[in-house]
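**Q** just a sequence and a predicted model for now, questions to come.
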Amino acid sequence: MPLPLPVVLLAVLLAAATGSAIADAELSSRIDTIEQLHHERPWQESQAAIDALRADGLDGATPDQRARLDLMEGRNLVLAGRFDEAMDRLDRVLSRPVGIDLRLRALELAANASGIDQQYALAFNYLYEGLKLLPDARDPGSRAGLLVLAARFHSLAGEQALAMEYISEALAAAEESGDDRTRCFAEQDLVFQQLRVGLADAASESADAMWQSCQESGDPVLQGTGMMAMGAALLEAGRHDEAVGWLERAIAQHRASEFAVGVAESRYYLGRALLAAGDAEGGTRRLLDSVSYFESREDWQSLIELHATLADSFEQRELPGRALDHLRAQFEADRRFNDIQRSLRIAYQQAEFENQRQQQELAMLRQRNQLFELERQAQSSRQKARTVAIVMAAVIGVLLIGLLFRFRADRRRFRRLSERDGLTGLLNHSRFHRAASSAL
């Protein structure tokens, strides 16, 4: 017996709904797996999984799922040094209606990528846009990441006190998150911030706690940067041999992750550590290997320290010509860095001015809203007062009319009582005389 048409249609709809649920569950599961790869394996593996997922189609993906993929791909492109492509991915996320925590992560990564690429005005714009969203963010990990970046940028802009406030807030948010990756990231920045202001002993103590979090994070990039931070802290603390071991491990880890920036920075610290440990040949070679990379990145601050260290090394080895070449390069890097520092400071001041202007506009808007609310309340009060007055006037009018009718009824009753005998009801003598007079 054939099924009725409505039953057939209902069966088709149920089958379609079931198939969609399976597809959605599979897509969500694949994205979760890619995120795990992204955090625990070299970036090439997560990128291969993203490419495979895109090839299979993302027709049923939600805006948040697409944003999660774009964020991972953007980070992979930053690690590969392809900053323009990374910014395209991140701007694509920011142009969509995604959740606040995803938007905060996109702004953090965009600011970080812009800062690495030395586009400081753009970096501060992304940063301050993210800081405005912090009060509404639910994920403490997202808050911690942006606060770490705020500490880093304000430190570069010369605002060390403000940077320490931001890093303290970042550490509190990281602790609240309970996530080892977030703690590792925040504690790394604390170590470098302490080294930047000359607190070598405090940095060495912070590095021990930082490394514990980085080990448990399972993220190879963070682990490599943690090794570098540990080596840098030990170098400044005068424990040169230990620093060499940590920095060699950091280089190996960054190479395995193909994180070029991490390899170059770790090699720079390793060169300094080898020189301090007495290996002039090995230290000089590694510092010279780092020069070309920092020049290609136009990282003038690193080049200042790099050329100064090389100049001292060649002077101690009685090679004045080469020492003079590096001194000249140091002066040129110092000049270029001052230009960058001025532009960074201007970018910070412009962003701070714009932020203050927006805060003032927001405060004025709130005051205007308060005035409108007060005016509305006053108008409502006036309206209520008019209504009460009208009601009272109506009540008084009704009462007066009632009293008038009562007065007239009483007047007629009293007149009747005054003209008739109370016992018989007959007219009394006064009324009789008036009636008789009128009749006559």
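**A** Perfect, I can see it now. Numbers count the residues shown, from 1 in each chain.
**Q** show me what contacts Cys214?
**A** 180, 184, 187-188, 222-223, 225-226 (Cβ atoms under 8 Å, 6 or more residues apart in numbering). C-betas here are computed from N, CA, C, even on glycine.
**Q** let me fix that, I meant to ask about Ser430.
**A** Residues counted as contacts of Ser430 (Cβ under 8 Å, 6+ apart) are 418-419.
**Q** could you do Arg152 as well?
**A** The neighbourhood of Arg152, defined by Cβ under 8 Å, 6+ apart, consists of 115, 163, 189, 192-193.
**Q** nearest to Ala311, of the contacts of Cys214?
**A** Minimum distance to Ala311 across the contacts of Cys214 is 28.2 Å, recorded for Thr225 (Cβ to Cβ).
**Q** I figured that closest one hits Gln188, correct?
**A** Yes - taking contacts as Cβ atoms under 8 Å, Thr225 lies within contact range of Gln188: 5.9 Å.
**Q** circling back: ok, so of the contacts of Arg152, who is nearest Ala280?
**A** Within the contacts of Arg152, proximity to Ala280 (Cβ to Cβ) peaks at Phe192, which comes in at 26.6 Å.
**Q** just confirm the closest one contacts Met230, I think it does.
**A** No - taking contact to mean Cβ under 8 Å, the distance of 11.3 Å between Phe192 and Met230 leaves them out of contact.
**Q** of the two, which one has the most company?
**A** Each of Phe192 and Met230 has its neighbours counted (other Cβ atoms under 10 Å); Met230 has more, 26 against 20.
**Q** let me know the pLDDT of the more buried one.
**A** In the prediction, the pLDDT value recorded for Met230 is 91.
**Q** I'd say Asn112 and Leu149 touch.
**A** Yes - with the criterion set as Cβ under 8 Å, Asn112 and Leu149 qualify as a contacting pair; they are 5.8 Å apart.
**Q** CA atoms of the helix or strand hosting Leu275 as PDB?
**A** Element membership of Leu275 [criterion: DSSP states H and E] is helix 260-276. Once non-C-alpha atoms are left out, helix 260-276 reads as follows in PDB (Å, rounded to 0.1, in the frame of the first residue of the first chain):
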ATOM      1  CA  ALA A 260      61.700  32.100  11.200                       C
ATOM      2  CA  VAL A 261      61.400  35.000  13.600                       C
ATOM      3  CA  GLY A 262      62.000  32.600  16.600                       C
ATOM      4  CA  VAL A 263      65.000  31.100  14.900                       C
ATOM      5  CA  ALA A 264      66.600  34.500  14.300                       C
ATOM      6  CA  GLU A 265      66.000  35.900  17.700                       C
ATOM      7  CA  SER A 266      67.200  32.700  19.400                       C
ATOM      8  CA  ARG A 267      70.300  32.700  17.300                       C
ATOM      9  CA  TYR A 268      71.000  36.300  18.400                       C
ATOM     10  CA  TYR A 269      70.700  35.400  22.100                       C
ATOM     11  CA  LEU A 270      72.800  32.300  21.500                       C
ATOM     12  CA  GLY A 271      75.600  34.400  19.900                       C
ATOM     13  CA  ARG A 272      75.700  36.700  22.900                       C
ATOM     14  CA  ALA A 273      75.700  33.700  25.300                       C
ATOM     15  CA  LEU A 274      78.600  32.100  23.500                       C
ATOM     16  CA  LEU A 275      80.600  35.300  23.600                       C
ATOM     17  CA  ALA A 276      79.900  35.700  27.300                       C
END
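**Q** distance from it to the middle of the chain?
**A** Here the centre of mass of C-alpha atoms in helix 260-276, compared against the chain's by Cα atoms, centre = their mean, to the nearest Å, lies 32 Å away.
**Q** helices and strands around the longest helix along the chain, which ones?
**A** If you go by DSSP state H, the chain has its longest helix at helix 320-419. With contacts defined as 3 or more Cβ pairs under 8 Å, 6 or more residues apart in numbering; DSSP states H and E, the secondary structure elements packing on helix 320-419 are helix 120-133, helix 140-156, helix 300-316, helix 429-439.
**Q** looking at these, which is buried most?
**A** Per-residue neighbour counts averaged over each of the helices and strands packed on helix 320-419 give the maximum for helix 140-156, namely a mean of 25 (mean count of other Cβ atoms under 10 Å).
**Q** after that helix, which helix or strand is next?
**A** As the chain continues past helix 140-156, the following element, by DSSP H and E, is helix 160-177.
**Q** show me how far that next one is from its chain's centre.
**A** Chain-centre distance of helix 160-177: 13 Å, with Cα atoms, centre = their mean.
**Q** just the angle for it relative to helix 120-133, thanks.
**A** Our comparison of helix 160-177 with helix 120-133, counting by axes from the mean of the first three to the mean of the last three Cα atoms, to 10 degrees, yields an angle of 50 degrees.
**Q** what's the following helix or strand after helix 160-177?
**A** Next in sequence after helix 160-177, counting helices and strands by DSSP H and E, comes helix 180-196.
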